[in-house]
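S.K.: Sequence first, then the predicted structure:
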Amino acid sequence: MADLPNAVVKRLLAKHGEGLRVSGSALERAVAAAEDYIGRLAREAHASATADKRKTIMDADIDKARARLG
């Protein structure tokens, strides 16, 4: 079961896809891709916070993680 709500991902796809409709299977793949990216982002941000001996992920950790992941 996906953690991200399909409706949110569908709305973002439609918004950034200039209003095109999204098939059910495309939506499932987009949700899986988004969850994968967020998981990798979280691991990178966690590593950054841990390296700085913190238990809280901060804005800078997310920024560093985004720069590493692209």
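M.R.: Alright, I've got the coordinates.
S.K.: Going by neighbour count, list what's buried in the helix or strand hosting residue 14.
M.R.: Secondary structure assignment for residue 14, by DSSP states H and E: helix 6-16. Within helix 6-16, the residues that count as buried by 16 or more other C-beta atoms under 10 Å are 9-10, 13. Any C-beta I mention is one placed from the backbone N, CA and C, and that applies to glycine too.
S.K.: do stretch 59-70 as well
M.R.: For stretch 59-70, by 16+ other C-beta under 10 Å, it's 61-62, 64-65.
S.K.: Run the chain-centre distance for stretch 12-28.
M.R.: Taking C-alpha atoms, centre = their mean, to the nearest Å, one finds stretch 12-28 lying 16 Å from the centre of the chain it belongs to.
S.K.: Need the distance between the two termini of that stretch.
M.R.: End-to-end distance of stretch 12-28 (C-alpha to C-alpha, to the nearest Å): 13 Å.
S.K.: Go ahead and name everything in contact with it.
M.R.: Contacts with stretch 12-28, where a contact means C-beta atoms under 8 Å, 6 or more residues apart in numbering, come from 2, 6, 9-10, 30.
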